[in-house]
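Asker: The following block contains a protein sequence and its predicted model.
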Amino acid sequence: MSFSDIPVDVGPVYEGERIRGNQMYVELGGPKIEKHFELVRVKAPKEIEDGKVILIGPDLKDMEEGSTHPIGILVEVAGPELEEDLEAVFERRIHEFCNFVNGIMHLNQRYTNWMRISKAAFEKGFNSFEMLGTVLIRLFKAELPIIKTAQVTIITDPAKIEEPHEFALGIYNKRDERARSINDEDVEMFYGCVLCQSFAPTHACCITPNRMSLCGSISWFDARAAARVDPKGPLFEVPPGETINKEGGEYSGINEMIKKRSLGEIERIYLYSGMEYPHTSCGCFEAIDFFIPETGAGHGIIDRNHDGIALNGLPFSAMANQTGGGKQLAGFNGISIQYIISPKFQQYDAIQAGLKSGIELVVWMGRTVKDRVYDLLPEDIRDKIATEDDVADLKDLPAWLEKVKHPIIETEPYKAAASGVEEEEEWEEEGAMMPMGTVGMTIPGAGGVGGFKVILKNCKIHAESIIIKKIEPKTRRK
């Protein structure tokens, strides 16, 4: 396989390349564009033309420097061994193969795909999407030999992308509906994925029927098909092994896998918790589940399409920077949209708080994500979860929760947080992770008497000022 006709280098060494705003020639998709997508479809050989690249809309050389455009990438493949179950897996490889190109940064997947092409690449002559399509075709056929024929269509026209965008959403929904048909207890094999390790070296996705990949594009069915076709590839079997903690979803096989794949950085994972040994996060997650300490045990959820800040005062981008990169950060958990409606969603945290299901922990959702999952949420809880339309300020949240009688108000953690009195016993197992490692500093009081203890827990803090106030002692609850 040769790329001598491509004016920039192509290879896995360029995976993980970052292109900042001042280095960017154009931006494609991403949060500024409403409709964009990536889709792979298996076709009969006679339906496509091998090596053909179709462009619908302005080409790269016709775009102004610094501009932002929609992007639709349709890859159609054929081969006697191909099956529909492989489409989602092939689709995820678009992310990998685009990042092989020196001068392209590709993030996310499905309808959240986001690309930047650098000024340097454009100046070297990478000025047509036909080159990108050609690279994709060659890589798909070389890296996945069961693909015998491939054709790529790239859409940049805002009007003409609407119909294929709707078609793609329909395909995604069918896949997700199928993925919800089985549970973790129904299978004897889990799967792992390391497609994102170029951006998050200590991250590996644990894929089970009840826990889709964080990017939302690879279900248990998809992972199974990929592992069968390419057992030594980036998706692989993970025998669950011994069940160590059923409520938390801790399995010996998962722990062994994550320890090996993270090079010893991560040793334990609770698949069903965002607070205790949580799953690591890459950077391609669809949404972030974040802890709201003011509610004692409540969680909020924000997705990539949220316009503005979340209830905690942070936009998605700020939380994503803290959450991603392969870190295991209690209280900030990258998740897929499908995991929100999974019966295992943060199950362990809910049980610890005295609730029946993880969705009962959720007290706030961004409107965009709530609209997507509304019909699949339990009827007795969905209208009790606030959005920015209901509660825009954190101080107003307790009144909302009391008004709608959210189940969290009956929990002991909530009552303790609402009263402002610390609980006598902390919810913490020996050796358990608490939100955010621990560095303590003691600041002595006047005359060396008393003082304050400031605890920084694996945080990156950027602040114009820090105000430290003395907290007067309160009567402890008996």
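Answerer: Good, I have the coordinates.

Asker: got any ranges where the stretch 301-450 of the chain has weak pLDDT?
Answerer: 420-450 (pLDDT under 70).

Asker: All the strands of it, residue numbers only.
Answerer: For the stretch 301-450 of the chain, the strands defined by DSSP state E, counting those that start in this stretch cover 332-335, 362-365, 439-444.

Asker: Repeat that for the stretch 151-300 of the chain.
Answerer: Assigned by DSSP E, counting those that start in this stretch, the stretch 151-300 of the chain shows strands spanning 190-193, 205-207, 235-238, 243-245, 250-251, 287-291, 299-303.

Asker: Compare those strands and give me the one nearest N183.
Answerer: The closest of those to N183 is strand 190-193. By CB to CB, the value is 12.3 Å. Quick note: C-beta positions are derived from backbone N, CA and C, even for glycine.

Asker: Give the rounded mean pLDDT of the closest one.
Answerer: Mean pLDDT, strand 190-193: 95.

Asker: strands paired with it, and their directions?
Answerer: Strand pairing for strand 190-193, using DSSP bridges, gives strand 205-207 (antiparallel), strand 235-238 (antiparallel).

Asker: Let's check: the centremost residue of the protein is which one?
Answerer: The chain has F285 as the residue nearest its centroid, 0.8 Å off, counting by CA atoms, centre = their mean.

Asker: What residues does that residue make contact with?
Answerer: By CB atoms under 8 Å, 6 or more residues apart in numbering, the residues touching F285 are L214, C215, G216, A320, T323, G324, G334, I335, S336.

Asker: count of residues packed around the last one?
Answerer: By other CB atoms under 10 Å, 24 other residues sit near S336.

Asker: ok, back up a step: could the contacts of F285 be laid out in TSV, adding distance to V75?
Answerer: Below are the contacts of F285 laid out as TSV (distance: CB to CB, whole Å):
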residue	distance to V75
L214	22
C215	17
G216	18
A320	27
T323	29
G324	26
G334	26
I335	27
S336	22
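
Asker: And those residues, which is closest to E163?
Answerer: G216 (22.5 Å).

Asker: so who does the closest residue to the closest one other than its chain neighbours touch?
Answerer: Excluding the flanking residues, the one nearest G216 by CB to CB, 6 or more residues apart in numbering is S336, at 3.9 Å. Contacts here follow CB under 8 Å, 6+ apart; on that basis S336 touches R211, M212, S213, L214, C215, G216, F285, E286, A287.

Asker: Out of those, flag the one nearest to G358.
Answerer: Nearest to G358 among the contacts of S336 is R211, at 11.7 Å by CB to CB.

Asker: Please name the bridge partners of the closest one.
Answerer: As for beta bridges, R211 partners with T208 under DSSP bridges.

Asker: was I right about it contacting Y339?
Answerer: Yes: in this structure, R211 is within contact of Y339 by CB atoms under 8 Å, at 5.8 Å.

Asker: domain assignment for this structure?
Answerer: Listed domain ranges for the chain are 12-165, 180-419 (source: automatic domain parsing).

Asker: Dump those domains into CSV; add distance to K174 as well.
Answerer: Putting the domains of the chain into CSV (distance: least, CB to CB, whole Å) gives the following:
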stretch, distance to K174
domain 12-165, 10
domain 180-419, 11
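
Asker: what's the neighbour count on the residue nearest to M319 when sequence neighbours are not counted?
Answerer: Distances taken as CB to CB, 6+ apart put I288 closest to M319, at 5.0 Å, once the chain neighbours are dropped. Neighbours of I288 under the rule other CB under 10 Å: 27.

Asker: what bridges to I288?
Answerer: Under DSSP bridges, the beta-bridge partners of I288 are I302, G334.

Asker: And it, how close does it get to L314?
Answerer: According to CB to CB, to the nearest Å, I288 and L314 sit 9 Å apart.

Asker: M257 now?
Answerer: M257 is 31 Å from L314, where distance means CB to CB.

Asker: These two - which one has more neighbours?
Answerer: Between M257 and L314, counted using other CB under 10 Å, M257 has the larger neighbour count: 25 against 17.

Asker: Looks like the more buried one contacts A204 (just checking).
Answerer: Yes: between M257 and A204 there is a contact at 6.6 Å, judged by CB under 8 Å.

Asker: overlap in contacts of the two?
Answerer: Residues touching both M257 and A204 by CB under 8 Å, 6+ apart: G192.

Asker: give the contact list for N245.
Answerer: Y270, Y348.

Asker: sec struct for V77, please.
Answerer: Under the three-state scheme (DSSP: H, G, I helix; E, B strand; the rest coil), V77 adopts strand.

Asker: now do the same end-to-end measure for stretch 15-32.
Answerer: The straight-line separation of the ends of stretch 15-32 (CA to CA, to the nearest Å) is 24 Å.

Asker: Apart from its neighbours in sequence, what residue is nearest C215?
Answerer: Using CB to CB, 6+ apart, the nearest residue to C215 is C284, at 4.2 Å.
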